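>>> pasting a predicted model and its sequence here:
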Amino acid sequence: MGQNAEEDLYVQVKTMLVKDLRLKIAPEDIKNTDLIFDGGLGLDSIDALELVVAMEKRFKVRIPDATVGAKVLVSVDSIVSFIEEKQQKNG
Amino acid sequence: MDDLTKRDIADLLPHRPPFVFVDKIVQIEGECVTTSKIFGKDEEYFKGHFPGNPIVPGVLLIESMAQTAGIAALNAIGELEKSKGEVVMFYLSRVINVKFKVPVLPDEEVIVTAEIVKSFGNRVKVFVKSKVAGQIVAEGEMILSKTVR
């Protein structure tokens, strides 16, 4: 994935977080390393389900279970990496 | 999996009178459950909601949809645990964008449908909808959390 495409994906993920999880901040105020949970963006375990639904809807990537979710739903960086990996596999 | 439409509501929900807001299960199709409920005109709360102008409280419509969602969730994932001899319960964790489109009157039959959107970990997201005489009176989404006792 080229640099511009990757930057675009970061913007899309941050926009998803703000819109679909109703965050009260602007997408550009979210850092790539901000934690999704544990006090980072202020989301909780109930939001994890909404995040999984949003990722399936917007990026067509499926998080199969909570074990994978615990590794993927850590930061914007980890979410972008997961989406890139899945999209590359799907061609 | 047995036919939940033939089961007693008290078998499927932990709720008991006067807080049961599902009269009967009408249909179960895949991950979609349909129930019905009539809020009878003699219910005590109609005296105050509102005097001379009785309307079913929105919170009770939400509760009816949540209980139907609980049956849908049990049908979708709970039965697996139940077969191991454990008791599965679902608590209402979040109500999302519920709209009340038309007031519901006493003695109207409310048809409630709950369809599983996604299960993840111990949570289930459910799309819920209530209709009276074919017209949507309320709809939205809910998240339920599973506990096993």
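Ah, there it is.
>>> ok, longest helix in chain B?
helix B:58-73 (DSSP state H).
>>> which helices and strands does it pack with?
Under the contact criterion of 3 or more Cβ pairs under 8 Å, 6 or more residues apart in numbering or on different chains; DSSP states H and E, helix B:58-73 touches strand B:32-38, strand B:88-100, strand B:109-120, strand B:123-132, strand B:135-148. For glycine as for every other residue, the C-beta is placed from the backbone atoms N, C-alpha and C.
>>> out of those strands, which is closest to residue B:71?
strand B:32-38 (5.1 Å; Cβ to Cβ).
>>> quick one, what contacts the most centrally placed residue in chain B?
In chain B, the residue lying closest to the centroid (Cα atoms, centre = their mean) is residue B:68, at 2.4 Å. Contacts for residue B:68 (Cβ atoms under 8 Å, 6 or more residues apart in numbering or on different chains) come out as B:22, B:33-35, B:112-114, B:128.
>>> switch the helices and strands packed on helix B:58-73 over to a markdown table; also include distance to residue B:49.
Below are the helices and strands packed on helix B:58-73 laid out as a markdown table (distance: least, Cβ to Cβ, whole Å):
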| stretch | distance to residue B:49 |
| --- | --- |
| strand B:32-38 | 16 |
| strand B:88-100 | 13 |
| strand B:109-120 | 16 |
| strand B:123-132 | 17 |
| strand B:135-148 | 16 |
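>>> of the ones you listed, which is nearest residue A:3?
The closest of the helices and strands packed on helix B:58-73 to residue A:3 is strand B:109-120. By Cβ to Cβ, the value is 32.3 Å.
>>> let me know the outermost residue of chain B.
Max distance from the centre of chain B (Cα atoms, centre = their mean): residue B:52, 27.8 Å.
>>> that one and residue B:46, how far apart?
10 Å (Cβ to Cβ, to the nearest Å).
>>> among the helices and strands packed on helix B:58-73, which is nearest residue B:14?
The closest of these to residue B:14 is strand B:88-100. By Cβ to Cβ, the value is 5.5 Å.
>>> quick one: the closest one to chain centroid distance?
In terms of Cα atoms, centre = their mean, to the nearest Å, the centre of strand B:88-100 is found 9 Å from the chain centre.
>>> so what strands line up beside it?
Paired with strand B:88-100 in the same sheet, following DSSP bridges, are strand B:135-148 (antiparallel).
>>> confirm residue B:25 sits in a strand?
Yes. Using DSSP: H, G, I helix; E, B strand; the rest coil, the assignment for residue B:25 is a strand.
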